[in-house]
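# return a 3D structure for these sequence lines:
(one chain, ligands or ions: 2)
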Amino acid sequence: MNHTKPHILVIFGASGDLTKRKLIPALFDLYKQKLLPAQFAVLGVSRTELSDEEFRNRMTEFLPEEETHQSVVEEFLPKLYYQPLATDDGYEYPILRDRLATIAKQNVIAENYIFYLSTPPKLYDVIPANLASVELNKSDDGFRRLIVEKPFGTDLASAKKLNKKLLHYFDEDQIYRIDHYLGKESVQNMLVTRFANGIFEPIWNHNFIQHVEITSAESLGVEERGGYYDQSGAMRDMVQNHLMQLVGMVAMEPPVVIEADAIRNEVLKVFQSLRPIKEDDVASQVIRGQYTESHIKKELVKGYRQEKGVNPESRTETFFAMKFFIDNWRWSGVPFYIRTGKKLPTRVTEVVIHFKKTPHHLFGTSQASQQTSNQLIIRIQPDEGILLKFGMKVPGAGFRVQTVNMDFHYDDLADTHLPSAYERLLLDCMQGDATLYSRGDAVEKAWAYVQPILDAWQNNPDIPVYGYPAGTWGPEVTDKLIEGGSWRYPCKNLSDDGNYCEL
Ligand SMILES: NC(=O)C1=CN([C@@H]2O[C@H](COP(=O)(O)OP(=O)(O)OC[C@H]3O[C@@H](n4cnc5c(N)ncnc54)[C@H](OP(=O)(O)O)[C@@H]3O)[C@@H](O)[C@H]2O)C=CC1
Ligand SMILES: O=C1O[C@H](COP(=O)(O)O)[C@@H](O)[C@H](O)[C@H]1O
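Ligands and ions are numbered 1, 2, ... in the order given. Modelled structure (predicted):
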């Protein structure tokens, strides 16, 4: 059943990269699956002069080419409209209000509007103010929702300021702060793995878990985004938002119900329980790195400082790793390790739960032959799935133990469409479900947690930025972060490791 009410989705920043690469293809996929209401329209808005027809033509390039879709594409395109507008000029907003009313009338759409901010962040407070100036922010007759893209500020102070401004014009329940990691099917599956399985739930705590490792690696560098990235770095780009949200999902208590506030309350509690990092401990608990020139598969690869838009003396981190603790009943004493970086050997995001070893060594005399440490690997991407590693007897004489795999891959499910993160999140917002969107208080709490790290880096130039050759797993010193253990070095396929590893 389609629970989505008729509405118009207004995309600010419609001539930009995100709109063409992610938003329009996601909307098309929803349309194809008949998940959009019959009365639905998209109004693209930005300064570039384009007609409706020109906008439709531009977007066509980003829709799938398969012949079977051509008729669907032809049905979909007329739903797209375009309005050139100086988005930062309040005087132009009556034009927007009138255009919306006309589209609504033409298509018999009730005046329900979603405003998507896909512009440079400097407009995130300007556009809501301008919408309010023509009373597009509130209505008694229809809904008004605001989707805000990341980044939500660049530090704690700016995040608070942004929240305050947004809340001046929209209520919290109208605001949808997007974190596309929460839209990933495999991230949501973490809740199901944890809370729908009697075998996992009882052991998900400090009694059974030795440590938790979270990796989000990218093989790409900064590509065309050097200018943006050099002002941001891995901490602001990936850690404060996506990785913190993953930590929330792994560590949260069971919510009372699967509803937005119940889940978001539990995520907030995790952030509230993070043991604060002291500025003085940053050098030992946190590692930052930057990729340097190297050869990957015999090809010379640029170092970060040679990338377009990057300061040749930049100290911006393209790699980040950290050890931290969650001081609550469930996680007392369990170290968490996270790492993320660009130009690492492969693109992979996964959570590895390392279970404690058995209390007594029964089999064999050497450490290696006696025990395996069981691992549960939740693969977010690619090859989405779950892998359990456990010890089995090597057939034959004696009792030698070897580690074997039990795995599930989403790909094995026949005919299952894994929705893209934007597809899922857009649909949720259309249905008024904010469960997979970040709440303002949690965003601020996440910033508050990482702020001492940013301060330490700013105040203490002696904290090193370690170099690592592009195509490697980050600075060598990262290996020493995990006490008594080592990082998993994942391959493209979830189940591969050891002697065979396709990257
Ligand atoms: N691209 C991506 O994959 C991701 C992007 N984001 C975030 O989404 C937002 C949009 O990103 P992206 O599409 O890549 O950005 P682009 O630079 O490609 O597009 C920016 C858009 O904003 C419009 N715009 C309106 N007013 C202004 C103004 N005053 N100055 C500059 N541009 C203006 C531009 O169009 P015009 O010049 O015609 O007005 C353009 O359509 C950013 O905040 C980014 O951080 C987040 C995650 C991923
Ligand atoms: O938000 C961002 O995420 C992407 C990584 O997203 P993924 O879905 O491909 O894992 C990252 O490349 C980008 O720098 C960052 O802004």
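
# per-residue pLDDT, the closest residue to ligand 1 within the stretch 401-503 of the chain?
Proximity of the stretch 401-503 of the chain to ligand 1 (Cβ to the nearest ligand atom) peaks at Tyr422, 9.5 Å away. In short, each C-beta sits where N, CA and C put it, glycine included. pLDDT for Tyr422: 97.

# tell me the secondary structure at it.
Of the three states, Tyr422 takes helix under DSSP: H, G, I helix; E, B strand; the rest coil.

# low-confidence stretches in the stretch 1-150 of the chain?
1-2, 67-68 (pLDDT under 70).

# so which residues of it form helices?
17-18, 24-32, 52-60, 70-76, 93-106, 126-133 (DSSP state H, counting those that start in this stretch).

# give me the pLDDT for whatever residue of the stretch 201-350 of the chain ends up closest to ligand 1.
Closest contact between the stretch 201-350 of the chain and ligand 1, by Cβ to the nearest ligand atom, is at Tyr228 (7.0 Å). On pLDDT, Tyr228 comes in at 93.

# who's in contact with it?
Gly309 (Cβ atoms under 8 Å, 6 or more residues apart in numbering).

# could you do Thr215 as well?
Counting by Cβ under 8 Å, 6+ apart, Thr215 has contacts Ile338, Arg339, Thr340, Val348, Thr349, Glu350, Val352, Trp487, Arg488, Pro490.

# could you measure from it over to Gln381?
11 Å (Cβ to Cβ, to the nearest Å).

# the residue in the chain that ligand 2 sits nearest to: what's it in contact with?
Residue of the chain nearest ligand 2, by Cβ to the nearest ligand atom: Asp237 (4.7 Å). Residues near Asp237 by Cβ under 8 Å, 6+ apart: Pro151, Tyr229.

# could you do His3 as well?
Shown in contact with His3 (Cβ under 8 Å, 6+ apart): Gln431.

# cool, and the one 5 residues further on?
When contacts are counted by Cβ under 8 Å, 6+ apart, Ile8 is found next to Phe40, Ala41, Val42, Leu43, Leu100, Ile103, Ala104, Ile109, Asn112, Tyr113, Ile114.

# Thr358: which of those is nearest?
Ile114 (53.1 Å; Cβ to Cβ).

# what do Thr215 and Gln381 both touch?
Common neighbours of Thr215 and Gln381, counting by Cβ under 8 Å, 6+ apart, are Val348, Thr349.

# centre-most residue in this protein?
Centrality entry for the chain: nearest residue to the mean C-alpha point is Tyr181, 2.5 Å, by Cα atoms, centre = their mean.

# how about the contacts made by that residue?
Val187, Asn241, His242, Gln245, Leu246, Ile380, Ala421.

# and the helix or strand where the fifth one lies, what other elements does it pack with?
This points to Leu246. Leu246 is part of helix 244-251 when elements are defined by DSSP states H and E. Using 3 or more Cβ pairs under 8 Å, 6 or more residues apart in numbering; DSSP states H and E as the contact test, the elements touching helix 244-251 are helix 185-195, strand 209-217, helix 260-273, strand 335-341, strand 348-355, helix 440-459.

# could you list the buried residues of stretch 308-321?
Within stretch 308-321, the residues scored as buried using 16 or more other Cβ atoms under 10 Å are Val310, Ser314, Thr316, Glu317, Thr318, Phe319, Phe320, Ala321.
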